[in-house]
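Trainee: Starting from these lines, generate the structure:
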Amino acid sequence: MISLTDSQKIGMGLTGFGVFFLFFGMMLFFDKALLAIGNILFVSGLSFVIGLERTFRFFFQRHKLKATSFFLGGVLVVLLGWPIVGVVLEIYGFFLLFRGFFPVAVGFIRRVPVLGSLLSLPGISALVDKIEL
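Mentor: Here you go, the predicted model:
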């Protein structure tokens, strides 16, 4: 089992609550207050989990500056009161930031018994193969 420090446990909780508030804010027709709280909790939770220095190194790498600007710009736009535009910017930035992780995640999901069979269905497998490259 993986051993977590107390600050990492707090970070996991903050990140989980952040994802919950983001999802709940989108379900309630892009409620800007819930989205803003979710954004703040998600980013602060990420900082607790991996540490401040590693968070800054992750977001501000030279080849990830475009993705970081879209993601953090989306957070700022949500905080300024334009939730739909902000969420679109955040999602685009999120996909740019974590695109190197998607092939690993898809490869893992393909090995899970029920989900792997779902990903091998004809229509879905073509889409998943594009994501995995």
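Trainee: could you give the mean pLDDT of the strand or helix carrying residue 71?
Mentor: Using DSSP states H and E, residue 71 falls within helix 65-80. Averaging pLDDT along helix 65-80 yields 95.
Trainee: residues of that helix that come out buried?
Mentor: Going by neighbour count (16 or more other C-beta atoms under 10 Å), the buried part of helix 65-80 is 67, 68, 70, 71, 72, 73, 74, 75, 77, 78. For the C-beta atoms, the positions are set from N, CA and C on the backbone; glycine is no exception.
Trainee: could the residues you listed be laid out in JSON lines, adding distance to residue 84?
Mentor: Shown next, in JSON lines, are the buried residues of helix 65-80 (distance: C-beta to C-beta, whole Å):
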{"residue": "67", "distance to residue 84": "20"}
{"residue": "68", "distance to residue 84": "21"}
{"residue": "70", "distance to residue 84": "15"}
{"residue": "71", "distance to residue 84": "16"}
{"residue": "72", "distance to residue 84": "17"}
{"residue": "73", "distance to residue 84": "14"}
{"residue": "74", "distance to residue 84": "11"}
{"residue": "75", "distance to residue 84": "14"}
{"residue": "77", "distance to residue 84": "9"}
{"residue": "78", "distance to residue 84": "9"}
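Trainee: of these, closest to residue 131?
Mentor: residue 67 (16.6 Å; C-beta to C-beta).
Trainee: Do a quick rundown of the helices in this structure.
Mentor: 6-27, 32-50, 52-59, 65-80, 83-97, 102-111, 113-119, 122-132 (DSSP state H).
Trainee: Run the angle between the longest one and helix 65-80 for me.
Mentor: Counting by axes from the mean of the first three to the mean of the last three C-alpha atoms, to 10 degrees, helix 6-27 lies at 70 degrees to helix 65-80.
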